[in-house]
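Trainee: Sequence plus the predicted model coming up.
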Amino acid sequence: MRPHLKSGFQLLLGILLATVNAHSWVEQLMVIAPNGTFVGSPGYARGNHLRTSPEFSDLTMTYLIPPNGRSNQSLILPTDKICKETQRKQEQTDGSPRLQARPGAAIALRFQENGHVTLPENQPGKPKNRGTVYVYGTTEPREDENLLDVHKVWNKEGTGGDKRGVLLSVQNFDDGRCYQINNGPISENRQEKYPHVADKLMGADMWCQQDIALPSNAPTGKPYTLYWVWDWPTLPGDDPSVPNGKKEVYTTCIDVDVVDSPVTYMHMEAGYIQGQPLDKAAIPSQLAEIFGSPSPAASVTAGSSAAASAMVQSIEIQPVKPSTLVTVMKTVYVKECQLTPETSVTASSTASVVSASSAIVSG
Ligand SMILES: *[C@@H]1O[C@H](CO)[C@@H](O)[C@H](O)[C@H]1NC(C)=O
Ligand SMILES: *[C@@H]1O[C@H](CO)[C@@H](O)[C@H](O)[C@H]1NC(C)=O
């Protein structure tokens, strides 16, 4: 009986640890054709470890700020780097090349939800949108880039902070479609709604994605750097182990080779093709944001980026631009979106996120 109990306990512990450790990073990037289909070869983050490589573990790819062990888990220091040690240099590992994309290309950054979306009860006190994902872009990255010099500082106009970069995209971590296979109601519902044929890459899971556009004035013949930042705070009052809440940020640092491609996808030539295999296609609402907005070059100068985001829309209470491409059905979490750089995060404003209402915007 005793050994049996012990092994049961170890199994349970193993599951708990697996749940705790299984955080997310950008596993792969793909170029998106205007019809929504992923095209070309995948690209990868700096210093990538493929899941199939022998030295892989989650810890080889996850990067947490503030780090475990900092006594104040709400404290992000001005010197906390934006990139994991293995992702500070613009270097790739064997078998994980950079994405090749032309200026202005639409790109999907793909990540696994690992239960953060489909098993929300696993982590009390987390925002309803499962955290917010930001993508910043720059042609002048720094090896010792600090998180606080970029995150919620660089803006879509390129006028934030030291002006070396721009905010390209803000989305909910939950893209509305992704799931890991489990018996939770969210997963079961999505398995039925968004079926796909299991493949070697994702298995039966459906990965999440954040769809962005490179600036169309990104210089060719050199890399363009993307900083992916997942902001995933614990709000005060829900998790007894952190009564005052805590900050929890994960990042992935990525370079994309900007190339002069002979292939030119005209932004307006095609719409998202309904009914195509979902595991090789963009999220229609996110694609509409990219192709339905002014082109990134125009936006850099005109000050309204291709990265028109759920957050921006909900703050400014702007309707989604009518798009000839697709029908937009987007859920934005209005209260969550008040957690912006301009808004100081107080106990009351964060607590109100728990009762966040959602607004359906259709256009
Ligand atoms: C979308 O366009 C790409 C590039 O032209 C093509 O390879 C792909 O097959 C198209 N997708 C569908 C579903 O037709
Ligand atoms: C922890 O850091 C946060 C953010 O700087 C600060 O507001 C808070 O007072 C700190 N808590 C303690 C116990 O020092």
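Mentor: Alright, I've got the coordinates. Ligands and ions are numbered 1, 2, ... in the order given.

Trainee: Now the stretch 201-350 of the chain against ligand 1: closest residue?
Mentor: residue 276 (3.8 Å; C-beta to the nearest ligand atom). Quick note: C-beta positions are derived from backbone N, CA and C, even for glycine.

Trainee: Would you mind confirming that that residue is in contact with residue 37?
Mentor: Yes - Residue 276 is within contact range of residue 37, at 6.1 Å (criterion: C-beta atoms under 8 Å).

Trainee: can you give me phi and psi for the residue nearest to the spatial centre of the chain?
Mentor: Central residue of the chain (C-alpha atoms, centre = their mean): residue 133, 4.1 Å from the mean position. Recorded main-chain torsions at residue 133 are phi -110, psi 130, according to degrees, to the nearest 10.

Trainee: Ligand 1 contacts on the stretch 151-300 of the chain?
Mentor: 273, 276 (C-beta under 6 Å from any ligand atom).

Trainee: Tell me the confidence at whichever residue of the stretch 151-300 of the chain sits closest to ligand 2?
Mentor: Distance from ligand 2 to each residue of the stretch 151-300 of the chain (C-beta to the nearest ligand atom) is smallest for residue 244, at 7.4 Å. Note on residue 244: pLDDT of 94.

Trainee: My reading is that it is in a helix; is that accurate?
Mentor: No - using DSSP: H, G, I helix; E, B strand; the rest coil, the assignment for residue 244 is coil, not a helix.

Trainee: roughly how far out does stretch 106-123 sit from the chain middle?
Mentor: The chain centre lies 9 Å from the centre of stretch 106-123; the measure is C-alpha atoms, centre = their mean, to the nearest Å.

Trainee: distance between the ends of that stretch?
Mentor: This stretch, stretch 106-123, spans 33 Å end to end (C-alpha to C-alpha, to the nearest Å).

Trainee: Repeat that for stretch 114-128.
Mentor: This stretch, stretch 114-128, spans 16 Å end to end (C-alpha to C-alpha).

Trainee: Quick check: mean pLDDT of that stretch?
Mentor: For stretch 114-128, the per-residue pLDDT averages 95.

Trainee: quick one: contacts for the residue in the stretch 51-200 of the chain that ligand 1 sits nearest to?
Mentor: Using C-beta to the nearest ligand atom, the closest approach of the stretch 51-200 of the chain to ligand 1 is made by residue 106 at 11.9 Å. Counting by C-beta atoms under 8 Å, 6 or more residues apart in numbering, residue 106 makes contact with 31-32, 34, 211-213, 282, 287, 290-291.

Trainee: Skipping its backbone neighbours, what lies nearest it in space?
Mentor: The spatially closest residue to residue 106, leaving aside those adjacent along the chain, is residue 32, at 4.1 Å (C-beta to C-beta, 6 or more residues apart in numbering).

Trainee: That neighbour: neighbour count?
Mentor: For residue 32, the count of nearby residues is 29 (other C-beta atoms under 10 Å).

Trainee: One more: residue 41?
Mentor: By other C-beta under 10 Å, the residues close to residue 41 number 9.

Trainee: and what of residue 115?
Mentor: Residues lying near residue 115 (other C-beta under 10 Å) number 21.

Trainee: just checking, residue 116 touches residue 128?
Mentor: No - proximity of residue 116 to residue 128 does not meet the contact threshold set by C-beta under 8 Å, at 12.0 Å.
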